[in-house]
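J.: Need coordinates for the below:
(one chain, ligands or ions: 2)
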Amino acid sequence: NNSIPKGLSYNFYNKTCPQLEDIVRATLAPVFTNDPTSAAALLRLMFHDCQVQGCDASILIDVSNSASLEPPELGAKKNFGIRKRESINQIKSRIEEECPGLVSCADIIVLAAREAVAISGGPRIIVPLGRRDSISASSSEDADASLPAPDFGVDDALSLFAKLGMTTRETVAIMGSHTLGVTHCLNIMDRLYRPSDVRGSNMDPRFEALLKFSCPENIPFSQNISFVLNDPSTFIFDNLYYKNSLQRRGVLRIDAELPLNTRTAGIVEQFAANSDDFFQEFGSAFLKLSYAGVLTGNHGIIRSMCNFVDN
Ligand code: HEM
Ligand SMILES: [Ca+2]
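T.: Ligands and ions are numbered 1, 2, ... in the order given. Presented below is the predicted three-dimensional model:
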């Protein structure tokens, strides 16, 4: 397939680390069992890595070891809620025992996200490998500039994902990621209590009442720790996200607007009616996300620990 970036391939580690995908799966199995919210966290981790400086494991670099004044990438405001970086480290250390110095943290992030989707009942996506790791993280400023704001609308999202080569259908499909996981109250306070345009107005009133009950105004402490489910089947990768959005129960502005925008409404209805169509389109969107800004060949490095750049 000629749309695969140069340097990535489906058999990249076949000779050098054939057990890679088994190790990833085996290491994650207890993680998913002990904490069913892990799948959502690992899928979002991939998005936030790939969206900032490309799929290069930049998000894994620890905050500490720098004398710079700028807080690094992970400290970006929009990385609030990012979790499970330690699971990637755990996979990496098992892999280093079997095939030292060969497998990038960037590939492990993508494989972990792929497992997260599959274990939750979503499509099994076969991904080309061969990404390499960055030698540095971005600044938190650059990360905040690259990641979407919680009040992103459909047009914003279409242009963001068009930069990764996604079609409108693929953009609608990748947003189906919000079939998993949660949103913390702080990300919807404006939508709930200071609505402008379509944001608050078009919500199912019972759902709005529920969100307001979960996220009361004027309680700053609870705003940081309280959250709501992105869709009612938060652990299952299904097309309920689309059905739910059609019922005016979208949590974020983007979730609410997808069924309202003329460019995306028909696609939402199709994915709500047919989960095979959703899964197929999601697979192709996921691959495009996984190709973002990849370092291959002799660009970048293979880190020996994912959270740390060896000189
Ligand atoms: C316009 C684009 C997007 C916007 C504005 C957006 C925004 C958000 C926000 C605000 C949250 C809540 C985070 C929190 O409060 O902890 C969230 C959660 C999440 N997002 Fe997105 N997102 C977008 C696209 C994506 C994409 C492309 C993916 C995956 C490929 C994704 C996967 C997730 C997942 C899985 C969660 C749940 C995380 C968890 O439960 O820990 N999102 N998103
Ligand atoms: Ca990155």
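
J.: tell me the contacts of the most centrally placed residue in the chain?
T.: In the chain, the centroid-proximal residue (Cα atoms, centre = their mean) is R44; its distance is 2.4 Å. R44 sits next to G81, I82, S177, G181 when contact means Cβ atoms under 8 Å, 6 or more residues apart in numbering. Quick note: C-beta positions are derived from backbone N, CA and C, even for glycine.

J.: and which of those residues is nearest ligand 2?
T.: I82 (11.9 Å; Cβ to the ion).

J.: returning to what we had before: for the residue nearest to the centre of the chain, helix, strand, or coil?
T.: helix (DSSP: H, G, I helix; E, B strand; the rest coil).

J.: any idea how far it is from V309?
T.: From R44 across to V309, the span is 23 Å (Cβ to Cβ, to the nearest Å).

J.: measure H184 to ligand 2 for me?
T.: In this structure, H184 and ligand 2 are 22 Å apart, going by Cβ to the ion, to the nearest Å.

J.: Quick check: residues of the stretch 201-311 of the chain near ligand 2?
T.: Taking Cβ under 5 Å from the ion, no part of the stretch 201-311 of the chain reaches ligand 2.

J.: Tell me where the stretch 201-311 of the chain is predicted with low confidence.
T.: Where the stretch 201-311 of the chain drops to pLDDT under 70, the residues are 201, 220-223, 311.

J.: host element of the residue in it positioned nearest to ligand 1?
T.: Closest approach between the stretch 201-311 of the chain and ligand 1, counting by Cβ to the nearest ligand atom: I254, at 4.7 Å. Remark: I254 resides in helix 253-257, with elements defined by DSSP states H and E.

J.: Flag every buried residue along the following helix or strand past that helix.
T.: Sequence-wise, the next helix or strand downstream of helix 253-257 (DSSP H and E) is helix 265-273. Using 16 or more other Cβ atoms under 10 Å as the test for burial, helix 265-273 gives A265, I267, V268, Q270, F271, A272.

J.: so which of these comes closest to I95?
T.: F271 (35.2 Å; Cβ to Cβ).

J.: isn't that closest one right up against I174?
T.: No - if you go by Cβ atoms under 8 Å, F271 and I174 don't touch, sitting 11.4 Å apart.

J.: quick one, strands of the stretch 201-311 of the chain?
T.: 227-229 (DSSP state E, counting those that start in this stretch).

J.: Looking at it, what residue ends up closest to ligand 2?
T.: G293 (7.4 Å).

J.: Name the helix or strand for I125, please.
T.: Counting by DSSP H and E, I125 is found in no helix or strand.

J.: what pLDDT does it get?
T.: Per-residue confidence (pLDDT) for I125: 98.

J.: my guess is it meets A118, correct?
T.: Yes - counting by Cβ under 8 Å, I125 does reach A118; the two are 7.4 Å apart.

J.: what about the two, which has more around it?
T.: Each of I125 and A118 has its neighbours counted (other Cβ atoms under 10 Å); I125 has more, 20 against 15.

J.: Return the residues in contact with the more buried one.
T.: I125 sits next to R114, V117, A118, F282, G283, F286, L287 when contact means Cβ under 8 Å, 6+ apart.

J.: Max pairwise distance over these: which two?
T.: A118 and L287 (14.3 Å).

J.: you'd agree L60 is up against S104?
T.: No - counting by Cβ under 8 Å, L60 does not reach S104; the two are 10.8 Å apart.

J.: Tally up the residues packed near D310, please.
T.: D310: 9 neighbours (other Cβ under 10 Å).

J.: Please determine how far it is located from A112.
T.: 22 Å.

J.: Please apply the same query to D133.
T.: Counting by Cβ to Cβ - D133 and A112 are separated by 15 Å.

J.: hang on, G176 packs against N244?
T.: No - the pair G176 / N244 is not scored as a contact, 11.0 Å apart, by Cβ under 8 Å.
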